[in-house]
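J.: predicted model and sequence below, questions to follow.
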Amino acid sequence: MSRIGNKPVELENGATFARNGDEITISGPKGTLKQVVDRNIKTEVEGNLVHFKYDNPELNAKQGLARALVHNMVVGVTKGWEKKLVINGVGYKAQVSGNRLVMSLGVSHQVEVEIPADLKVVATSPTEVVVSGIDRQRVGQFCAMVRAKRPYEPYHGYGIHVDGERLVRKVGKAAKGKK
């Protein structure tokens, strides 16, 4: 039995819910998002709460998935999503130039990443980049693309990581026991 799926989603701060077949549309002050969910997951709106129901026990996981997706959409169109990327390394830095994120990552050339139109990217300092938008999946995907340009290196701590991410530092050869 899904525990997350049984919790209703609250439509807050002017968010509206609409369903057309298997497509759910959430609108709010920051924009509109659409998501396709399994049509066997039934939705019921009571006041400002959206409940998710199913008939077949095999749809248990899909109920929780649909509820989580709709909740993320409601938060996105009301508050928005934001992630902060931290860049560590000697000479590593980033800046936003037009619709591109330009980074110096210890290679012979500048690394450039195209910024999607629906995301807002701000370089708050040379080593911090804030990515924000209404779609949680798009924000996370863009951060993953940027992070892939220079992943975190555990021996020296160089690379790009998301602020708050659990990082493991390794000691290296000095950790080997002496005889």
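T.: Great, that's in hand.
J.: buried residues, the longest strand belonging to the chain. List them.
T.: The longest strand of the chain (DSSP state E) is strand 81-88. Within strand 81-88, the residues scored as buried using 16 or more other Cβ atoms under 10 Å are 81, 83-88. C-beta here means a position set from N, CA and C on the backbone, and glycine is covered the same way.
J.: can you show me the helices along the protein?
T.: Assigned by DSSP state H, the helices in the chain fall at 60-78, 136-149.
J.: weakest of those helices by average pLDDT?
T.: For those, mean pLDDT drops lowest on helix 60-78, to a mean of 92.
J.: quick one: that helix to helix 136-149, angle?
T.: Put simply, helix 60-78 runs at 90 degrees to helix 136-149, going by axes from the mean of the first three to the mean of the last three Cα atoms, to 10 degrees.
J.: by contact count, what packs against helix 60-78?
T.: The contact analysis (3 or more Cβ pairs under 8 Å, 6 or more residues apart in numbering; DSSP states H and E) places helix 60-78 against strand 9-10, strand 23-28, strand 31-36, strand 49-53, helix 136-149.
J.: now it, how far from the chain's geometric center?
T.: Helix 60-78 sits 13 Å away from the centroid of its parent chain (Cα atoms, centre = their mean, to the nearest Å).
J.: and stretch 24-39, by the same measure?
T.: Per Cα atoms, centre = their mean, the centroid offset for stretch 24-39 relative to its chain is 16 Å.
J.: backbone dihedrals for Asn13, please?
T.: When read as degrees, to the nearest 10, the backbone of Asn13 gives phi 50, psi 40.
J.: need the contact list for the residue nearest to it when sequence neighbours are not counted.
T.: Excluding the flanking residues, the one nearest Asn13 by Cβ to Cβ, 6 or more residues apart in numbering is Thr78, at 4.2 Å. Counting by Cβ atoms under 8 Å, 6 or more residues apart in numbering, Thr78 makes contact with 12-15, 28-30.
J.: picking up where we left off before, so can I have CSV of the helices and strands packed on helix 60-78 showing mean neighbour count and distance to His109?
T.: As requested, these are exported to CSV (neighbours: other Cβ atoms under 10 Å; distance: least, Cβ to Cβ, whole Å):
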stretch, mean neighbour count, distance to His109
strand 9-10, 19, 46
strand 23-28, 19, 41
strand 31-36, 15, 35
strand 49-53, 18, 49
helix 136-149, 17, 12
